[in-house]
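K.L.:
need a 3D model of the following:
(chains A, B, C and D)
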Number of protein chains: 2
Amino acid sequence: MDTQLLLAHIRQFIELTEEEVEFLEGVLIARPFKPGELIVRSGEPARHLGFVNAGHTVTYYTDPQGDDHVIRFAAPGWWTGDTHSLGLTPVTPFTTKGLGDGELLLLPRLAHQHLLERYLKFERYFRQLFQTALVRQQLRFVENHSVPAVQRYLNFQAAFPGMEPYLPQKYVASYLGITPEFLSKVRRGLALPPP
Amino acid sequence: MDTQLLLAHIRQFIELTEEEVEFLEGVLIARPFKPGELIVRSGEPARHLGFVNAGHTVTYYTDPQGDDHVIRFAAPGWWTGDTHSLGLTPVTPFTTKGLGDGELLLLPRLAHQHLLERYLKFERYFRQLFQTALVRQQLRFVENHSVPAVQRYLNFQAAFPGMEPYLPQKYVASYLGITPEFLSKVRRGLALPPP
DNA sequence: CGTCTATTTGAATGTACTCAAAAGCGGTGG
DNA sequence: CCACCGCTTTTGAGTACATTCAAATAGACG
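P.N.:
Next up, the predicted model:
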């Protein structure tokens, strides 16, 4: 199991001892995935947080009408977006799906709890993770009410350079908070603005 | 200084020793506020996280065009929404304003850092705070693209019962992601649906 | 190849916005 | 105490950004 990416990520925030690394590697589960494979399903009780080792993933919420709403994409070196999986409630309303081939490191919810109890230091790591994610999410929320869709699409491309080729457009549309049809028109408008 | 509300809030998540309580009370700053008073201003370097002891507050982001976008309201017993204040960057784009008379307990950014270094346990408290706030924010984000404004308004009333009388409508509108004019029309529509 | 899903395109529609102006409300000072 | 001033809320007309519905086209997969 290759934990290099994850360890490097953690070490950006806290220092790690041998013992901590070993504990961590003992509870992580390597989980390869294939294109379109559902890794964490909405409505399932077995939950874990995923760290992307290779490939890309999308995490989305399925609303009561059955429509999917993308919470976040993840590339190698990122955690997937299903923070709900770590919470107290038995089932998550989020689904995480593989895009293309790749591999995830799964941190089961219980292992996460044991990790935090045993090595309090990890609280700091996750605190910082959630804190920055929260601020980003707040700003993204504001953006969706103050910036038109075309600009949001351009901002998205600037924020995640090189990532778009791996993502189905319907998910990009959902991430931007618009319909796939409208994103198609937005793209057409950007492609031929001169006439 | 009355720290009862805050201590009770913290004790929902972690246990506190005498020493920790004393340290905390030593760094907190009681800050009464008057109607409309700006407590933490957008663009200012001096930053702190606020806990509401009495009254209500609103925290909003001011975009480049000068429009305000409400991130969150706070009632007694809640933290205000300016989590950005705890981050690394020198200035916050968020403003926190008093609604009516009230009092805030301010936790300065540096004191927050000392608190976390000295008593690692508080990392757990804030981790849980941010984690739940993040999930709520994610769900609120989705709601804004899957639910029409009228329903969002009703959801808002259900989620914060009894709070609306304290809040100017223009801020409620901003919280819902609509214009004040449109909220006015939404309310009129709800008031007289029979004809 | 044939099927299934994703994307594109177009027309009609709607939800929410902009702009403008009037009415309401609260606070302040004469 | 009341009149005035500024800000919030209401109302209306016209508009626009984005959606829904429907159908054609393009791609991916077995």
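K.L.:
not counting sequence-adjacent ones, nearest residue to residue A:174?
P.N.:
Residue nearest to residue A:174 in three dimensions, not counting chain neighbours: residue A:70, with 4.2 Å by Cβ to Cβ, 6 or more residues apart in numbering or on different chains. C-beta: built from backbone N, CA, C; applies to glycine.
K.L.:
also residue A:57?
P.N.:
The spatially closest residue to residue A:57, leaving aside those adjacent along the chain, is residue A:74, at 4.7 Å (Cβ to Cβ, 6+ apart).
K.L.:
hmm, that neighbour is touching residue A:82, no?
P.N.:
No - the pair residue A:74 / residue A:82 is not scored as a contact, 9.7 Å apart, by Cβ atoms under 8 Å.
K.L.:
and the residue nearest to residue A:29 when sequence neighbours are not counted, backbone torsions?
P.N.:
Spatial nearest neighbour of residue A:29, chain neighbours left out: residue A:106 (4.3 Å); criterion: Cβ to Cβ, 6+ apart. Here is the backbone geometry of residue A:106 (degrees, to the nearest 10): phi -100, psi 130.
K.L.:
between residue A:74 and residue A:82, which contacts overlap?
P.N.:
Here residue A:74 and residue A:82 have A:50, A:59 as joint contacts, going by Cβ atoms under 8 Å, 6 or more residues apart in numbering or on different chains.
K.L.:
near DNA strand C, which residues of chain A are found?
P.N.:
A:145, A:168, A:169, A:170, A:180, A:181, A:183, A:184, A:185, A:187, A:188 (Cβ under 7 Å from any atom of the strand).
K.L.:
could you list the low-pLDDT ranges of chain A?
P.N.:
Low-confidence segments of chain A (pLDDT under 70): A:42-46, A:84-90, A:192-195.
K.L.:
what residues does it put near DNA strand D?
P.N.:
A:35, A:148, A:149, A:150, A:177, A:178, A:179, A:181, A:182, A:185.
K.L.:
just the ones in helices from those, please.
P.N.:
With helices taken from DSSP state H, the overlap with the residues of chain A next to DNA strand D comprises A:149, A:150, A:181, A:182, A:185.
K.L.:
what separation do you get for the residue positioned nearest the centre of chain A and residue B:122?
P.N.:
In chain A, the C-alpha nearest the mean C-alpha coordinate belongs to residue A:80, at 2.7 Å (Cα atoms, centre = their mean). As for residue A:80, its distance to residue B:122 is 27 Å (criterion: Cβ to Cβ, to the nearest Å).
K.L.:
returning to that earlier point: tell me who's in contact with the residue nearest to residue A:29.
P.N.:
Contact analysis of residue A:106 by Cβ under 8 Å, 6+ apart lists A:28, A:29, A:30, A:31, A:48, A:49, A:50, A:51.
K.L.:
what are the bridge partners for it, then?
P.N.:
Beta-bridge pairing for residue A:106 (DSSP bridges): residue A:29, residue A:50.
K.L.:
quick check: the gap between it and chain B.
P.N.:
Going from residue A:106 to chain B by Cβ to the nearest Cβ, to the nearest Å gives 18 Å.
K.L.:
with residue A:167 instead?
P.N.:
Going from residue A:167 to chain B by Cβ to the nearest Cβ gives 18 Å.
K.L.:
coming back round to it: now, which of the residues of chain A next to DNA strand C sits nearest chain B?
P.N.:
Within these, proximity to chain B (Cβ to the nearest Cβ) peaks at residue A:145, which comes in at 4.3 Å.
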